[in-house]
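>>> with the input below, show me the fold.
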Amino acid sequence: MKCKEKKCHGKVFARGYCVKHYGLWVKSQRVIQKSLPKICKAKSCNLPYKSKGYCNKHYLQMLRHGELRTDRVITKTCKIEGCSLKHKAKGFCNKHYLIDLLKNKKCGVNGCDRAYRSKGYCYKHLILKAKEKREK
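Okay, here's the model as predicted:
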């Protein structure tokens, strides 16, 4: 068999082309693939393509659930009035969650009303405990 390229009499190598023209065809296919925009094939998603035609978010949905969950749109914001930051935990943004987490924690030393810092102590008692430990 001869190459399907006009005026070429080379022996067929693959897909009806000789070695030379098959190589050129492969290169042209790669150029076409690279020039195509790679965006997610989910409806109304313009995120970059990651795998199997989907962006990372939709690819993980397909992987975990076997279907796209486009009906779920979660746009929670912090429950503190006037704060429009994204929700992290227990209805608070990261900043207010940490404030709430630490607001009721006091130093573990009797009679000390300072705020908790680390390992159950305020900063002052944490330093004192560390010094005591080094002296032993």
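
>>> looking at this structure, which helix or strand is least sure?
In the chain, no helix or strand scores lower on mean pLDDT, DSSP states H and E than helix 19-35, which sits at a mean of 72.

>>> list the buried residues for whatever helix or strand comes next after that helix?
Per DSSP states H and E, helix 19-35 leads on to helix 56-65 as the next helix or strand towards the C-terminus. Buried residues in helix 56-65, counted by 16 or more other Cβ atoms under 10 Å: 58-59, 61-62. For glycine as for every other residue, the C-beta is placed from the backbone atoms N, C-alpha and C.

>>> of those residues, which is the nearest to residue 13?
residue 59 (36.0 Å; Cβ to Cβ).

>>> low-confidence stretches in the chain?
30-37, 70-75 (pLDDT under 70).

>>> gap between residue 64 and residue 21?
Using Cβ to Cβ, to the nearest Å, residue 64 is found at 45 Å from residue 21.

>>> got it, and residue 108?
According to Cβ to Cβ, residue 108 and residue 21 sit 80 Å apart.

>>> try residue 59
Taking Cβ to Cβ, one finds residue 59 at 36 Å from residue 21.

>>> dump stretch 77-86 to PDB, keeping only the CA atoms.
Taking C-alpha atoms only, stretch 77-86 is exported to PDB below (Å, rounded to 0.1, in the frame of the first residue of the first chain):
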ATOM      1  CA  THR A  77     -20.700  34.200  55.300                       C
ATOM      2  CA  CYS A  78     -19.600  34.900  58.800                       C
ATOM      3  CA  LYS A  79     -22.500  35.300  61.300                       C
ATOM      4  CA  ILE A  80     -21.000  38.400  62.900                       C
ATOM      5  CA  GLU A  81     -22.900  41.400  61.800                       C
ATOM      6  CA  GLY A  82     -21.000  43.600  59.400                       C
ATOM      7  CA  CYS A  83     -18.500  40.800  58.500                       C
ATOM      8  CA  SER A  84     -18.800  39.500  54.900                       C
ATOM      9  CA  LEU A  85     -15.800  37.100  55.000                       C
ATOM     10  CA  LYS A  86     -16.300  33.400  54.000                       C
END
